[in-house]
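Undergrad: Build me a model:
(one chain, ligands or ions: 2)
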Amino acid sequence: MEEAIVGRDILPELAGALARHGIDGRLFVIADERVVARTQNKLSETLAASGYTVATYPVAAGEASKNLRQAERIYHWLAEQRAERKEAVLAFGGGVIGDLAGFVAATYLRGMPLVQIPTTLVAQIDSSIGGKVAVDLPEGKNLVGAFYPSLVTCIDISFLETLSQRDLLAGWAEVIKTALLFDAPLFNEIAARGPADLTPEFLLEVVPRCVRWKQKVVAEDPKEQGIRALLNYGHTIGHALEAATGYQTYLHGEAVAIGMHGAARIAKHLGLLGQEAFEKQQAVIAQYNLPLQYAAVDPAAIHDAIALDKKNRQGKVRWILLDDIGKPRIESGVPQTLVRQVLQELRQH
Ligand SMILES: NC(=O)c1ccc[n+]([C@@H]2O[C@H](COP(=O)([O-])OP(=O)(O)OC[C@H]3O[C@@H](n4cnc5c(N)ncnc54)[C@H](O)[C@@H]3O)[C@@H](O)[C@H]2O)c1
Ligand SMILES: [Zn+2]
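TA: Ligands and ions are numbered 1, 2, ... in the order given. As a prediction, this is how the structure comes out:
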């Protein structure tokens with residue numbers, strides 16, 4: 001089971017966690033070059049001070065780095081240094097780096113120990129936990145990957161201080177998702193705030209809570225054969241919208257916000273979700289400056305992309321819907337006509 005340590009300014013604790021897991025060779029850090037620049041080598045200096053030998057491979061920021069060519073360059077780098085199976089790969093950056101470095105760690109020498117040091121909100125509460133690692137193909141995102149949990153995930157909220165407001169709020173979409181699925185009290189706390197008062201104290205409460213929810217779901221269903229699919233709330237339309245816009249227009253969290261609004265509309269039309277809960281969800285998404293509607297995309301293109309979702313089974317789309325805040329369900333029988341209607345409603349005119 002992966003160990004997550006969560007807190008503020010906790011990098012000094014990382015060396016101890018590595019030692020607990022028997023990691024004592026060299027450390028191969030695969031890092032977002034933007035994060036390295038912003039943090040002024042804090043990670044490697046802290047680890048070096050604890051006696052570790054650290055080598056860093058900088059990767060250009062952005063989704064374009066998450067592919068097999070980049071993975072191959074990292075394999076060559078590891079080979080040149082004669083990296084050994086008991087030495088660790090550290091992923092230092094957002095979800096792109098976590099997925100890429102995790103994929104490399106899963107495959108090089110048939111697996112090296114993986115340590116995640118996530119630096120975006122998305123990575124801290126979502127991608128660094130649960131062991132999904134992958135790279136993209138031109139044909140689609142995350143098509144080549146593995147389930148490969150980290151040994152240690154070190155979640156230091158102080159990294160979030162340099163994140164752009166847009167990236168931070170995109171991460172809040174996943175926080176809101178977690179609360180809507182599992183945690184009505186957390187939802188109420190989030191609703192009582194807004195982007196202006198996301199203090200470190202509040203983050204120190206929210207981040208570990210979301211981490212625990214993700215760990216709980218993943219522990220029950222590590223390979224996504226059942227309830228892990230719940231984490232996909234908002235992602236059926238969200239992923240389709242991202243694909244239909246060539247991953248250029250929306251950040252993932254923004255697309256998920258629109259997708260959650262779509263799922264809530266579907267649930268309301270089906271008589272599952274009540275008006276009051278629907279309005280509460282809608283208000284919170286807007287309050288965190290996240291979009292509820294899309295523009296400049298053909299709804300038919302989104303509809304086509306929904307049919308290609310990896311999570312469909314035997315051609316049936318498995319929708320995650322809410323009966324209420326904190327009460328999710330999986331629903332395979334949503335009529336196509338209703339999906340088309342909601343995609344029209346979600347379109348900004
Ligand atoms: N494996 C999973 O379970 C899972 C879950 C969710 C998302 N993902 C993947 O994660 C990726 C999205 O993650 P993301 O949103 O973290 O994207 P990202 O890694 O591209 O990071 C977003 C931006 O923030 C910058 N950045 C990162 N940390 C920073 C910091 N501390 N200060 C300033 N800037 C910083 C990055 O350079 C980048 O420009 C996608 O590829 C998605 O497929 C995977
Ligand atoms: Zn997501």
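Undergrad: residues making contact with the longest helix seen in the chain?
TA: Longest helix of the chain, by residue count under DSSP state H: helix 200-220. Contact with helix 200-220 is made by 1-2, 4, 6-8, 121, 124-126, 129-131, 155, 157-158, 160, 174-175, 178, 181-183, 186, 189-190, 193, 226-228, 230-231, as judged by CB atoms under 8 Å, 6 or more residues apart in numbering. Placement of C-beta: from N, CA and C, glycine included.
Undergrad: Please check those and keep the buried ones.
TA: Among the contacts of helix 200-220, the ones that count as buried by 16 or more other CB atoms under 10 Å are 2, 4, 6, 8, 121, 124-126, 129-131, 155, 157-158, 160, 174-175, 178, 181-183, 186, 190, 193, 228, 230-231.
Undergrad: ok, which of these also contact ligand 1?
TA: For ligand 1, the contacts drawn from the buried ones among the contacts of helix 200-220 by CB under 6 Å from any ligand atom are 126, 130.
Undergrad: Tell me which of the buried ones among the contacts of helix 200-220 fall in strands.
TA: Using DSSP state E, the members of the buried ones among the contacts of helix 200-220 that fall within strands are 4, 6, 155.
Undergrad: residue contacts, the second one?
TA: Residues counted as contacts of residue 6 (CB under 8 Å, 6+ apart) are 155, 157, 207, 208, 211.
Undergrad: Any chance of CSV for those residues, columns pLDDT?
TA: Listed next are the contacts of residue 6 as CSV, based on pLDDT from 0 to 100:
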residue, pLDDT
155, 98
157, 98
207, 98
208, 98
211, 98
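Undergrad: how deep is the closest residue to ligand 1 within the stretch 151-300 of the chain tucked in, by neighbour count?
TA: Nearest residue of the stretch 151-300 of the chain to ligand 1, counting by CB to the nearest ligand atom: residue 162, 3.6 Å away. Neighbours of residue 162 under the rule other CB atoms under 10 Å: 13.
Undergrad: Now do residue 196: how many residues are near it, please.
TA: 6.
Undergrad: May I have the secondary structure class of it?
TA: Assigned with DSSP: H, G, I helix; E, B strand; the rest coil, residue 196 falls in the helix class.
Undergrad: Over to residue 291?
TA: Following three-state DSSP, residue 291 is assigned to coil.
Undergrad: Quickly list what residue 145 is bridged to.
TA: residue 134 (DSSP bridges).
Undergrad: wait, isn't it in contact with residue 103?
TA: Yes. With contact defined as CB atoms under 8 Å, residue 145 reaches residue 103; the gap is 6.0 Å.
Undergrad: Which neighbours do these two have in common?
TA: Taking CB under 8 Å, 6+ apart as the criterion, residue 145 and residue 103 both touch 133, 134, 135.
Undergrad: Looking at residue 145 and residue 103, which one has more neighbours?
TA: Neighbours were counted for residue 145 and for residue 103 using other CB under 10 Å; residue 103 has more, 27 against 16.
Undergrad: so what's the more buried one up against?
TA: 71, 133, 134, 135, 144, 145, 146, 148.
Undergrad: Give me the buried entries from those residues.
TA: In the contacts of residue 103, the ones that pass as buried (16+ other CB under 10 Å) are 71, 133, 134, 135, 145, 148.
Undergrad: Serialize those to JSON lines and add fields for pLDDT and distance to residue 283.
TA: Below are the buried ones among the contacts of residue 103 laid out as JSON lines (pLDDT from 0 to 100; distance: CB to CB, whole Å):
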{"residue": "71", "pLDDT": "98", "distance to residue 283": "42"}
{"residue": "133", "pLDDT": "98", "distance to residue 283": "36"}
{"residue": "134", "pLDDT": "98", "distance to residue 283": "34"}
{"residue": "135", "pLDDT": "98", "distance to residue 283": "38"}
{"residue": "145", "pLDDT": "97", "distance to residue 283": "36"}
{"residue": "148", "pLDDT": "97", "distance to residue 283": "39"}
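Undergrad: near ligand 1, which residues of the stretch 51-200 of the chain?
TA: Residues of the stretch 51-200 of the chain lying near ligand 1 by CB under 6 Å from any ligand atom: 61-63, 66, 93-97, 99, 119-120, 122-123, 126-127, 130, 132, 141-142, 159, 162-163, 167.
Undergrad: Report the contact partners of the residue of the stretch 151-300 of the chain closest to ligand 1.
TA: Counting by CB under 8 Å, 6+ apart, residue 162 touches 38, 39.
Undergrad: That one and residue 197: what is the separation?
TA: Plainly put, residue 162 is 19 Å away from residue 197 if you go by CB to CB, to the nearest Å.
Undergrad: All the helices of the chain, in order from the start?
TA: Under DSSP H, the chain gives helices at 11-20, 33-39, 42-49, 68-80, 95-107, 121-122, 165-182, 184-191, 200-220, 235-244, 252-269, 275-287, 299-307, 336-345.
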